[in-house]
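Asks: The sequence isn't on hand, but the structure is:
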């Protein structure tokens, strides 16, 4: 089966983590972790200022939308409209992430934490609309203002799932060298995680961003995110040159 990957016009696309003709080598324990160009010093402070400025402006615009979504959730299903989850952030620090509820209340009581899959019966009819438009992510602007997240970075995962991925995916912990983001290089190119193979492919994109983070790349990701929300991702995506498994 061919794993769809993409390339951003004018940028180098990282090769997929899973290929039929190469063997993945583990990084020796003594080698340092990759550090983002914006992960320290002036670059980190500049990114923090930019995050606060953009998140503050977007919060003002998004507030009426969030209030409407909250009202719709309360009218159509049982349970709170805003819910919180613990996620793993920079340096492995645990923080609380906020979202508009798109699933039925207490739906993981029996199954425990697990990824959402296509046609997931836990998602409410209204929640499917929210997820398609990514409206359920809007409360995470508050996480950016609190300093838990950045606008751009690897998506934060739940501690229960991270514990398993650290054992199964070599180098997975390297994505925690920067703050997690609301959107990211992996998010604009690849679908949500559903299996270990998808996690490995996304990790390649996350590490590419960490190594090459810059103002130009960041603005490109934000622009592509807007195109994706409008259903215009074909404007920046194209078929991969090298087929994968």
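Replies: Now that the structure is in, tell me what you want to look at. Given the structure is predicted, the values throughout are model-derived calculations rather than measurements.
Asks: contacts and neighbour counts: CA atoms only from here.
Replies: Noted.
Asks: Could you state which residue of this protein sits nearest its centroid?
Replies: residue 155 (2.7 Å; CA atoms, centre = their mean).
Asks: check contacts around that one.
Replies: By CA atoms under 8 Å, 6 or more residues apart in numbering, the residues touching residue 155 are 180, 181, 182, 183, 184, 187.
Asks: And it, which helix or strand is it part of?
Replies: For residue 155, there is no host helix or strand (DSSP states H and E).
Asks: one step back: between the contacts of residue 155, which is nearest residue 220?
Replies: Nearest to residue 220 among the contacts of residue 155 is residue 184, at 10.2 Å by CA to CA.
Asks: Distance of that closest one relative to residue 125?
Replies: 27 Å (CA to CA, to the nearest Å).
Asks: These two: which has the busier surroundings?
Replies: residue 184 (23 against 14; other CA atoms under 10 Å).
Asks: Okay, that one and residue 175: tell me how far apart.
Replies: Note on residue 184: its distance to residue 175, by CA to CA, is 12 Å.
Asks: Please enumerate the shared neighbours of the two.
Replies: 154, 206.
Asks: Identify the residues contacting the helix or strand where residue 187 lies?
Replies: Using DSSP H and E, residue 187 sits in helix 185-189. Here helix 185-189 makes contact (CA under 8 Å, 6+ apart) with 5-7, 152-155, 202-203, 205-206, 209, 221, 224-225, 228, 233, 237.
Asks: Can you flag the buried ones in these?
Replies: 5-7, 152-155, 202-203, 205-206, 209, 221, 224-225, 228, 233, 237 (16 or more other CA atoms under 10 Å).
Asks: tally of neighbours for the residue lying closest to residue 225 once chain neighbours are set aside?
Replies: Closest residue to residue 225 apart from its sequence neighbours, by CA to CA, 6 or more residues apart in numbering: residue 188 at 6.1 Å. By other CA under 10 Å, 22 other residues sit near residue 188.
Asks: can you check residue 75 too?
Replies: 11.
Asks: so where's this protein shaky on pLDDT?
Replies: 1-42, 110, 238-245 (pLDDT under 70).
Asks: ok, which stretches of it are strands?
Replies: Secondary structure of the chain, counting by DSSP state E: strands at 82-88, 94-100, 150-152, 181-183.
Asks: For the first one, which strands pair with it and how are they oriented?
Replies: Strands that pair with strand 82-88, judged by DSSP bridges, come out as strand 94-100 (antiparallel).
Asks: Going by neighbour count, which residues in the partner strand are buried?
Replies: Applying 16+ other CA under 10 Å to strand 94-100 flags 95, 97, 98, 99, 100 as buried.
Asks: doesn't residue 140 make contact with the second one?
Replies: Read that as residue 97. Yes. In this structure, residue 97 is within contact of residue 140 by CA atoms under 8 Å, at 6.7 Å.
Asks: which other helices and strands contact the longest helix anywhere in the chain?
Replies: Ranked by residue count under DSSP state H, the longest helix found in the chain is helix 41-76. If contacts are counted by 3 or more CA pairs under 8 Å, 6 or more residues apart in numbering; DSSP states H and E, helix 41-76 sits against helix 140-146, strand 150-152.
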